[in-house]
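Visitor: give me a model of this one.
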Amino acid sequence: MSSILAYDLGASSGRALLGRLTDRKIEVEELHRFGNDPVQVGDRLQWDILRLFHELKQGLLKAKHQGIKLQSLAIDSWAVDYGFIGKNGELLGNPYHYRDHHTDGVMERVLGHIPATEIFGRTGIQFLPFNTIYQLAALKEADSPLLREADRFLMIPDLLRYFLTGEMHNEFSNATSTQLYNPLESRWDPELLRLLGLSSSWFGDVVQPGTKVGQLRSSVTDELGISSVPVYAVAEHDTGSAVVAVPALDRSFAYLSCGTWSLMGTEVDQPVINELAQELNFTNEGGAYGTYRLLKNIMGLWILQESRREWERAGMTYSFPELVKLAEQASSFSAFIDPDDPLFLHPGDMPAKVQQYCRLSGQQVPDSPGAIARCILESLALKYRFVLELTERLSGKQFNGLHMVGGGIHNTLLCQWSSNAIGKPVWAGPAEGSAIGNLVVQWIAQGELSDIWEARKVISDSFPVTIYEPEQFEAWEDAYGTFRRVTGLA
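Guide: Purely as a prediction, here's the structure:
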């Protein structure tokens, strides 16, 4: 039985999953799981990229120790972050974390130089202060020596693939997320690069998901005592892989990839680049097989994760199921936050930030972990409704429910509250959406599956989907009005 390997790297953890396809059913086995903790050094927050590469090799070793012969492997990860390769082929410094403060105020300064209409018209990407374009502009403002020594620009999966194979390629779905790629011209946008003073020579040819991009290099195979393995580019933005894995049988569907970030939208054949899309700050990120993800970022479970870390630092240790139970027991609809307020972007004392938001907006201030957790989760569910309505308005489609994928679906309370908030069914599953999407693109490339729609049918047949029906709609309808009023969302 042939096996393939998917590395799925999230902003807080990573995993290596083994995939097998037998009788049109997918079997997935977790080989290796590891933490992915950013490292604060002085004023900079950075990724421990060499530790991540070490963990990739541990996944290969575990496959070897189990006698597994791999047919191929691929990597997906979060977007926007990158590293530079120098002229000697070596990495120049640790990649900065997108939550690092070096981009503070940079987006506003760039937009003072290049009109927002021009950037959006060229890229179709939403304006977020940590987008790659503003990270690079921050280095330019600081006269960073990295830019003087840089030879090639590689995003996180590109970089890790380079470590594995010795070959440098830029992958499509991640390239589009930089706000430097022009989907209408299918290339890095030369005018934006010129206006920002960035060298076009840094940016390589862009390969599509499903492209074979090398083999494990001899330094890796010799070190680990393994045979070489073909390496593929998939939809390497993890949301792109997650959308591949949405088990939708209707070609018009809405999805929510739920984890540290929540990303909600729909799949389209062409980017939607118009005045309304810019006004609503939607994005058009590349997907697999000529598709685009018309979506909007929502801060997601990051706020609860950071709150849990803060409580842990104070000596109060809660598991996520314990926090969900405390939230369920707390009073309903007592206070709301806008999860996407800039207050919640950076690490810090998140419970205090939630309380500050509620205090400044004239609401009752939640005063316990359960009340804070309930405020966060109810606010997320109501923000999902707000963004789903915007998605319908922009796409011209009406959706009869919402597909939720990703690790966040383990939070069954959030799934139920999301259904309550939108007043429609939520179909939750699979939890390992990004890794499964990674696997099926490899199988399509190898001819084991014919296309994305056959893959989605196989995924639907292989993994259970939990259906949540809306409850207490009148109470949630009233709460939605209060939520929009206190958050100022139009």
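Visitor: quick one, helices of the stretch 351-490 of the chain?
Guide: 369-395, 412-422, 433-445, 452-462, 473-487 (DSSP state H, counting those that start in this stretch).
Visitor: so where is this protein shaky, pLDDT-wise?
Guide: Within the chain, the stretches with pLDDT under 70 are 1.
Visitor: can you do 90?
Guide: For the chain, applying pLDDT under 90 flags the ranges 1-2, 11-12, 249, 490.
Visitor: could I get the helices of the stretch 351-490 of the chain as JSON lines with mean neighbour count and distance to residue 175?
Guide: Glycine gets a C-beta too; all of them are placed from N, C-alpha and C. Below are those laid out as JSON lines (neighbours: other C-beta atoms under 10 Å; distance: least, C-beta to C-beta, whole Å):
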{"stretch": "helix 369-395", "mean neighbour count": "23", "distance to residue 175": "23"}
{"stretch": "helix 412-422", "mean neighbour count": "24", "distance to residue 175": "31"}
{"stretch": "helix 433-445", "mean neighbour count": "28", "distance to residue 175": "16"}
{"stretch": "helix 452-462", "mean neighbour count": "19", "distance to residue 175": "20"}
{"stretch": "helix 473-487", "mean neighbour count": "16", "distance to residue 175": "33"}
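Visitor: residue 245: which of those is closest?
Guide: Closest to residue 245 of those, according to C-beta to C-beta: helix 433-445, at 3.8 Å.
Visitor: what packs against the closest one?
Guide: strand 3-9, strand 13-22, strand 25-35, strand 70-76, strand 230-233, helix 238-244, helix 452-462 (3 or more C-beta pairs under 8 Å, 6 or more residues apart in numbering; DSSP states H and E).
Visitor: nearest to residue 4, out of the helices of the stretch 351-490 of the chain?
Guide: Closest to residue 4 of these is helix 433-445 (C-beta to C-beta; 5.1 Å).
Visitor: so how far is that closest one from its chain's centroid?
Guide: The chain centre lies 16 Å from the centre of helix 433-445; the measure is C-alpha atoms, centre = their mean, to the nearest Å.
Visitor: that helix to strand 70-76, inter-axis angle?
Guide: With axes from the mean of the first three to the mean of the last three C-alpha atoms, to 10 degrees applied, the angle from helix 433-445 to strand 70-76 works out at 130 degrees.
Visitor: surely residue 30 touches residue 13?
Guide: No: using C-beta atoms under 8 Å, residue 30 makes no contact with residue 13, being 11.4 Å away.
Visitor: now residue 354: how far from residue 259?
Guide: According to C-beta to C-beta, to the nearest Å, residue 354 and residue 259 sit 20 Å apart.
Visitor: before we move on, back to that, can I get the helices of the stretch 351-490 of the chain in CSV with distance to residue 402?
Guide: CSV is the format used below for these (distance: least, C-beta to C-beta, whole Å):
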stretch, distance to residue 402
helix 369-395, 7
helix 412-422, 6
helix 433-445, 14
helix 452-462, 16
helix 473-487, 14
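Visitor: so which of those is nearest residue 244?
Guide: Closest to residue 244 of these, according to C-beta to C-beta: helix 433-445, at 3.4 Å.
Visitor: send me that closest one as CSV with only the CA atoms.
Guide: In CSV, the C-alpha atoms belonging to helix 433-445 read as follows (Å, rounded to 0.1, in the frame of the first residue of the first chain):
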residue,chain,number,x,y,z
GLY,A,433,-8.7,20.0,6.5
SER,A,434,-5.4,21.5,5.5
ALA,A,435,-3.5,18.3,5.7
ILE,A,436,-6.2,16.4,3.8
GLY,A,437,-6.3,19.0,1.1
ASN,A,438,-2.5,18.7,0.9
LEU,A,439,-2.8,15.0,0.4
VAL,A,440,-5.5,15.0,-2.3
VAL,A,441,-3.6,17.5,-4.5
GLN,A,442,-0.6,15.1,-4.4
TRP,A,443,-3.0,12.2,-5.4
ILE,A,444,-4.5,14.3,-8.3
ALA,A,445,-0.9,15.1,-9.5
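Visitor: no further queries at this time; thank you.
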